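> this one's sequence-less:
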């Protein structure tokens, strides 16, 4: 039954798969071509015939050079990296502790707390940004990286807690009990026995959290005002459009360079990322 | 000798202190409290407190530099009769509804394709997730450039293949722009559906399909009677997440259209930003964001009910 005729496989498999691949990847290809195209080729209207519409015969790094020289792009890249790493680290530590407590310790209200954390997981950033901007200002965190390092965990901690709680539950209790019989404290058993065993889960949560922070936009847009403190998405939006003029070559160069770090991290840890992604929706 | 004695005398005290802390952490309740404090504190300060503040703001006439006064439900009433908000609300429902349907349908199709064995499977699967990994703002710019009124590659393609004689008004017409936003959102969110559904598919034993095939079920029947019922739980959760993300979306519209042309493509979130941040009317902006709350609450409530039922089963 699983043997198909050749033409049938073309229609039901190869063709749709090819359409999916083109649909998914074309925007990235277009990003790259635009970034490498010289301006005189770029601004050719849609009616004009073009000898090489889908590639360019005169590739140039002009846009990359302008981007790196005239804007604070390297600084934005660094800010985004630092903020993503610190907020991921904070969320992982909080998530490991809270996840362990919810998975392993018996205490009153643990079920309620688990549900409450799950609910905060579903609170979108766009619901709270107006009062949050005032809170950040009152705490004197406005326009400092800490504004983002402390607010990104609000959407990362619930996710990390939820994912790690599930992971800790799969670790046999006997492992801890053995350590406790050997004289380890509860805290010691958690740190020295359970956390090392849970490293794959921790890595999944960390990779997923890192990509989420790299993607965050509205908090970064509102809390950061100095050009040199911005993250990549906000910097690209606010500094590469001057008035009504879009600098498309530089914009696409920025989009490409800003995507590379997160794409690299992803490509090294695809399997962990996928575990994190699918784990994030396991109710 | 004397120094040694002093050190020896200090030791017992040290030991008592350490063991008291250790003993406290041996109590499940106290250890749990200690472990939960950091995470819960961050969530209380940056989610619970702002939520209460948002409720208060929405009932006052606060604006930047002016604390304002209590106005009751005036902000909500004003939003309700504001034609831009009415459009934004309709747009948000439209956008969420269609994007979710397309993401689900295409994601399911892609998951079924990826579940087969073929060459380069790992790399193809990995690259399919790229739209979901790459920051939305950056990829939305690539789409905006592809939809550009003067330099659109899509118009170029359609024109030179003879399908159109005049350019399509991708982002310069409100209705077209909403469909473009649905398209881009579908492009971005489809991999999330595909990969999570694929994970669900992989837990289904091939034996079930073999058995159904032996009983004479065709591909459609096998999908409908075997695969689909087993995928239902994961589908529900994925749809809940996607609805929440899409309903509260901000960045995609902010980059693609900025709410234009003529405020025709605002979502609730982008309009709340325009009123609350760009115009500084904090009270009105907070009220506008809170219009999202009932819908989000309903979705979360359904999800929690469902989880409880699954736990009971």
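The structure has been received and is ready for your questions. This one's a predicted model, so the numbers in the text were calculated from it and none came from an experiment.

> from residue B:249, how far off is residue A:23?
Distance of residue A:23 to residue B:249, given as Cβ to Cβ, to the nearest Å: 20 Å. Every C-beta, even on glycine, is put in place using the N, C-alpha and C of the backbone.

> where along chain A do the strands fall?
When assigned using DSSP state E, the strands of chain A occupy the ranges A:241-242, A:245-246.

> which elements pack onto the last one?
Applying 3 or more Cβ pairs under 8 Å, 6 or more residues apart in numbering or on different chains; DSSP states H and E, one finds that strand A:245-246 makes contact with no other helix or strand.

> what does that strand contact?
Contacts to strand A:245-246, defined as Cβ atoms under 8 Å, 6 or more residues apart in numbering or on different chains, come from residues A:240, B:145.

> what's the domain layout of chain A?
Chain A breaks down into these domains under automatic domain parsing: A:6-46+A:56-60, A:72-280.

> one step back: between residue A:23 and residue B:249, which one's more packed in?
Here residue A:23 and residue B:249 are set side by side on neighbour count (other Cβ atoms under 10 Å in any protein chain shown), and the busier one is residue B:249, at 25 against 16.

> in contact with the more buried one: list those residues for me.
When contacts are taken as Cβ under 8 Å, 6+ apart, residue B:249 is in contact with A:126, B:95, B:185, B:267, B:269.

> buried set for the helix or strand where residue B:86 lies?
For residue B:86, the enclosing helix or strand under DSSP states H and E is helix B:83-114. Using 16 or more other Cβ atoms under 10 Å in any protein chain shown as the test for burial, helix B:83-114 gives B:84-85, B:87-89, B:91-92, B:94-96, B:98-100, B:102-104, B:106-114.

> now swap in stretch A:137-150 and tell me
Buried residues in stretch A:137-150 (16+ other Cβ under 10 Å): A:141-142, A:144-150.

> can it be found next to chain B?
Yes: in terms of Cβ under 8 Å from any Cβ of the partner chain, part of stretch A:137-150 sits within range of chain B, namely residue A:150.

> poorly predicted segments of the stretch 51-200 of chain A, please.
Counting by pLDDT under 70, the stretch 51-200 of chain A shows low-confidence ranges at A:51-52.

> one more pass at 80, please.
For the stretch 51-200 of chain A, the stretches with pLDDT under 80 are A:51-53, A:57.

> quick one on the thing from earlier: out of the contacts of residue B:249, grab the one that's most surrounded.
If you rank those by neighbour count (other Cβ under 10 Å), residue B:267 sits at the top with 30 neighbours.

> return the distance of that one relative to residue B:198.
Here the criterion is Cβ to Cβ. By it, residue B:267 lies 29 Å from residue B:198.

> what does residue A:115 give?
If you measure residue A:115 against residue B:198 using Cβ to Cβ, the figure is 29 Å.

> neighbour count winner among these two?
Shown here are residue A:115 and residue B:198; by other Cβ under 10 Å, residue B:198 has more neighbours (22 against 12).

> now that one: which helix or strand?
Residue-wise, residue B:198 maps onto helix B:174-202 under DSSP H and E.

> so how many other residues sit close to residue B:302?
By the measure other Cβ under 10 Å, the count of residues near residue B:302 is 13.

> so what's it up against?
Residue B:302 makes contacts with residue B:240, as judged by Cβ under 8 Å, 6+ apart.

> pLDDT wise, what is it at?
In this model, residue B:302 is scored at 86, pLDDT.

> gap between it and residue B:39?
In this structure, residue B:302 lies at 26 Å from residue B:39, with Cβ to Cβ as the measure.

> before we move on, back to that, ok, and for the helix holding residue B:198, which residues are buried?
For helix B:174-202, a neighbour-count test (16+ other Cβ under 10 Å) marks B:174, B:176-178, B:180-201 as buried.

> do the same with stretch A:246-264
Buried residues in stretch A:246-264, defined by neighbour count with 16+ other Cβ under 10 Å: A:247-259, A:261-263.

> so what does the helix or strand just after the helix holding residue B:86 touch, helix or strand wise?
Counting by DSSP H and E, the next helix or strand C-terminal to helix B:83-114 is helix B:121-128. Applying 3+ Cβ pairs under 8 Å, 6+ apart, one finds that helix B:121-128 makes contact with helix A:15-36, helix B:83-114, helix B:174-202.

> buried stuff in helix B:121-128?
Judged by neighbour count using 16+ other Cβ under 10 Å, the buried positions of helix B:121-128 are B:124-128.
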